[in-house]
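J.: pasting the structure only:
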């Protein structure tokens, strides 16, 4: 059951490319490997591979804007924290 049936007037509908889910699954399957290599960095993932990375998200986004018409819709950007994550329950 969706939480929100319709977007409020004036709110743009988010656009995602068809491979976004596959990229997220690829990321989750390789989390430990990526964490070792990219700990403390923002990584840009597209078509199930890391296409760029940087400590500064703004710098990474700027480079992606030169490569893609709409990087927010075409590229998955995620921060990989250093160290292991612990879940508190």
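T.: Thanks, I have the structure now. Not measured: the values here are computed from a predicted model.
J.: rest of the way, CA atoms for contacts and neighbours
T.: Fine.
J.: Next, work out how far apart residue 75 and residue 10 are.
T.: As judged by CA to CA, to the nearest Å, residue 75 and residue 10 stand 24 Å apart.
J.: So for the two, which sits in the more crowded spot?
T.: Legend: neighbour count by other CA atoms under 10 Å for residue 75 and residue 10, higher for residue 75 (23 against 6).
J.: quick one: contacts for the nearest residue to the more buried one once chain neighbours are set aside?
T.: In this structure, residue 75 finds its nearest non-sequential neighbour in residue 46, 5.3 Å apart by CA to CA, 6 or more residues apart in numbering. The contact partners of residue 46, taken as CA atoms under 8 Å, 6 or more residues apart in numbering, are 19, 20, 23, 74, 75, 76.
J.: Tell me how far residue 46 lies from residue 80.
T.: Distance of residue 46 to residue 80, computed by CA to CA: 16 Å.
J.: Same question for residue 23.
T.: Residue 23 is 15 Å from residue 80, where distance means CA to CA.
J.: Could you do residue 28 as well?
T.: With CA to CA as the criterion, residue 28 and residue 80 are 12 Å apart.
J.: With neighbour numbers in mind, choose between these two.
T.: Relative neighbour count places residue 80 above the other of residue 28 and residue 80, with 19 against 11, counting by other CA under 10 Å.
J.: buried set for the helix or strand of the chain with the lowest mean pLDDT?
T.: The helix or strand of the chain with the poorest confidence is helix 71-74; it has a mean of 84 (mean pLDDT, DSSP states H and E). In terms of neighbour count (16 or more other CA atoms under 10 Å), helix 71-74 has its buried residues at 71, 72, 74.
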